[in-house]
Every structure is written in C-alpha cells, then in structure tokens.
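J.: What shape does this take:
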Amino acid sequence: KRGQNEALLNKEEALRERLDRLERDIADISRMEAIERFGEGPHRVEFTLQFLNEQGAFVPGMAKSRTNKFVVELAPLSLMPHSVLHFLEMIDHELWDGNAFVHHVDHVVQAVPTAFRTAESQKQTFVDAGLSELAFQEYHEDYPHDAYTVGFSGRPGGMEFYINTQDNAQIHGPGGQHHHDLHEEGDPCFGKVISGHRVVDRMHQKGVETKREIHIIGIEKAVLLPKGSTSHINPYSPMARYQKNTKLSQHQKAVTDAYCRVLNREANIGGLVASSKKLSDGATVKDIV
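T.: Below is the predicted model:
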C-alpha cells in the first residue's frame with residue numbers, strides 16, 4: 001500500500017510539473033502578443049470618473065480637470081505578462097467604460113461590471129469578448145499588493161479588479177485567501193496608480209466624516225495612453241483596433257484550452273493520475289487538446 005501511495009504522489013507531482021509548464025507557455029505567448037499589439041511598455045491607462053453629488057446624481061468632471069482622473073501604470077511584461085495582456089484587452093475593447101467602482105470594504109476600491117447609471121449587470125459583455133477570467137492565478141513576488149497597486153479578484157481572477165488602499169501584501173498575497181481551495185495562490189497584482197492618488201483617496205472616502213455605506217463611482221472612460229504620456233490627449237485609444245473583435249490568437253487559445261481542461265478534471269487522485277498519463281513527456285499542445 002505504501003508503494004501505491006508513493007506512485008500516486010509521484011504521478012500527482014508529474015501532473016503539477018505539466019501544469020507549471022503550461023503556465024509558462026501561456027505567460028510567454030501573452031508577453032509576445034502584448035508586445036505585438038500594444039508595444040513593450042510601460043503601459044499606462046487613464047480612468048476618467050464621475051462622482052455622486054449631494055443630490056445623488058453623477059456629475060462629469062470639468063474639462064481639462066484632473067480632479068476626476070487617475071493613471072495606472074501596468075506591471076512590466078517580464079513579471080506579469082498574462083495579467084497585463086488580459087487587462088489591456090479589456091481596455092482595448094472598452095469593457096470598463098460605463099461601469100463602476102464600489103467602495104464598501106475599507107482596504108480596497110473594487111471595479112465591478114455593473115453600469116453605474118442603470119445598475120444593470122455587464123458581465124455578459126466580458127464573457128462575449130472572451131475576457132471574463134484569467135487562465136491561471138499569475139503572481140510574482142517582486143510585484144506585491146502595496147498601497148495603490150491594482151489586482152484581479154476571484155478564482156480564477158480576471159473580470160473584477162480592485163485598487164489596494166493600504167498595504168495588502170499579506171491579505172492578497174500567497175496564503176492570504178484562506179476561503180479559496182488553493183489558498184497558497186495569490187491574487188494577480190498587475191499595476192499601480194502613478195498619478196491621481198487624491199482621486200483614489202476620494203473614491204475611498206478618505207477623510208470623510210459621514211461615509212456612504214456603499215460608495216459608487218462611475219467609470220466614464222478608461223483609455224490606453226500614448227507611450228511616455230501620463231495624460232490622455234485624444235478621445236480614442238491610439239492603438240490599432242484591427243483585432244478589436246479577436247478574442248485570442250489560435251496558439252494562445254490552444255494552450256489556454258489545454259490548461260483549463262487539465263484543471264477541470266476531477267480533484268481526486270484518480271483524476272490526477274488519469275490526467276498525468278495523458279500529459280506524457282513530449283506531448284504537444286495539439287495532443288493534449
């Protein structure tokens with residue numbers, strides 16, 4: 001019986017090695033696609049917001065005003081390529097335009113796929129674009145969840161994201177999410193606010209004596225800035241939009257599908273063993289799919 005257990009554990013370890021290999025493949029493909037479509041970076045995204053006034057109506061910011069804008073610089077592609085590409089595709093497809101940020105827990109401000117004017121769910125638009133979730137929980141120890149950094153929430157992450165309003169390295173890093181089955185994983189941290197910190201503080205209701213229990217902030221627009229700029233000039237993204245309706249490249253889709261099919265197998269040892277047999281050494285992506 002001891003020999004059987006050791007054999008099962010060895011096969012489980014072999015399967016995990018295959019999964020690690022697939023994650024590295026996805027990261028490499030994401031890095032190449034991000035460079036091809038959006039350049040090497042640094043990539044900066046500007047958010048323009050609408051805040052509620054005392055009467056409970058959303059009010060656009062004044063022209064050329066910086067009181068309702070903040071800029072996020074995304075992580076280097078060498079550290080978080082899959083998460084950065086995923087977010088850039090969201091911005092390129094204008095998926096966050098018209099949705100909302102919500103502040104209802106003290107340590108983050110959360111972006112949700114809900115129209116800020118109608119309160120209607122916009123989740124299906126992310127699903128239709130093929131951008132509802134990441135292929136895996138990407139994380140890098142050199143890019144922790146410090147204050148004013150940006151991370152994806154959920155398991156798998158990839159639709160909703162949040163701005164850390166304090167140092168959340170312990171809460172959102174590896175081992176900090178005990179309510180998830182794989183609590184050793186960390187939330188992907190993929191960007192940081194580099195300008196507009198006071199705007200983020202306003203979203204967080206910092207310094208406000210009477211805080212709204214649920215503070216809703218409208219996302220008027222989120223745009224990718226020209227390289228080297230910290231302020232948007234034109235009303236549209238400068239990037240070519242020839243792939244606007246393209247979900248994933250054929251190669252990336254094959255790798256992602258293979259990865260997801262492995263992860264979706266039964267969690268018991270029998271399922272792991274069966275999967276490891278199919279993921280034999282030298283197998284190609286086509287063989288796995």
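
J.: distance of His140 from Ile35?
T.: As judged by Cβ to Cβ, to the nearest Å, His140 and Ile35 stand 18 Å apart. Just so you know, the C-beta spots here come from the backbone N, C-alpha and C atoms, and that holds for glycine as well.

J.: quick one: which of those two has more around it?
T.: Neighbour tally, His140 and Ile35, criterion other Cβ atoms under 10 Å: the higher count belongs to His140, 17 against 14.

J.: so what's that one up against?
T.: Residues in contact with His140 (Cβ atoms under 8 Å, 6 or more residues apart in numbering) are Ala75, Leu79, Met80, Cys189.

J.: Now with 10 Å, please.
T.: Ala75, Pro76, Ser78, Leu79, Met80, Pro81, Ser83, Gly186, Pro188, Cys189, Phe190 (Cβ atoms under 10 Å, 6 or more residues apart in numbering).

J.: how much space between it and Ser65?
T.: For His140, the distance to Ser65 - Cβ to Cβ - is 35 Å.

J.: can you pull out the strands in the stretch 1-150 of the chain?
T.: 44-52, 58-60, 69-74, 100-105, 108-112, 149-154 (DSSP state E, counting those that start in this stretch).

J.: what residue ranges in the stretch 101-250 of the chain score low on pLDDT?
T.: 172-184, 207, 209, 228-250 (pLDDT under 70).

J.: one step back: kindly reformat the strands of the stretch 1-150 of the chain as TSV containing distance to Lys227 and mean neighbour count.
T.: Converted to TSV, the strands of the stretch 1-150 of the chain look like this (distance: least, Cβ to Cβ, whole Å; neighbours: other Cβ atoms under 10 Å):
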stretch	distance to Lys227	mean neighbour count
strand 44-52	8	21
strand 58-60	27	14
strand 69-74	12	22
strand 100-105	26	18
strand 108-112	24	21
strand 149-154	19	22
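
J.: Could you find the closest non-adjacent residue to Gly98?
T.: In space, and not counting its chain neighbours, Gly98 is closest to Ala115: 5.5 Å by Cβ to Cβ, 6 or more residues apart in numbering.

J.: Check the gap between the one you found and Asp201 for me.
T.: Ala115 sits 25 Å away from Asp201, going by Cβ to Cβ.

J.: cool, and Val109?
T.: Counting by Cβ to Cβ, the gap from Val109 to Asp201 is 10 Å.

J.: Likewise for Thr125?
T.: Applying Cβ to Cβ to Thr125 and Asp201 gives a distance of 30 Å.

J.: And Ala75, by the same measure?
T.: Applying Cβ to Cβ to Ala75 and Asp201 gives a distance of 22 Å.

J.: before we move on, what about Arg37?
T.: Counting by Cβ to Cβ, the gap from Arg37 to Asp201 is 33 Å.

J.: so how far is the longest helix seen in the chain from its chain's centroid?
T.: Of all segments of type helix in the chain, defined using DSSP state H, the longest is helix 2-38. With Cα atoms, centre = their mean, to the nearest Å as the basis, helix 2-38 stands 20 Å off its chain's centre.

J.: Stretch 203-221 now?
T.: With Cα atoms, centre = their mean, you get 22 Å for stretch 203-221.

J.: Quick check: end-to-end length of it?
T.: Its start and end residues considered, stretch 203-221 measures 16 Å (Cα to Cα, to the nearest Å).

J.: List the buried residues for that stretch?
T.: Within stretch 203-221, the residues that count as buried by 16 or more other Cβ atoms under 10 Å are Met203, His204, Gln205, His215, Ile216, Ile217, Gly218, Ile219, Glu220, Lys221.
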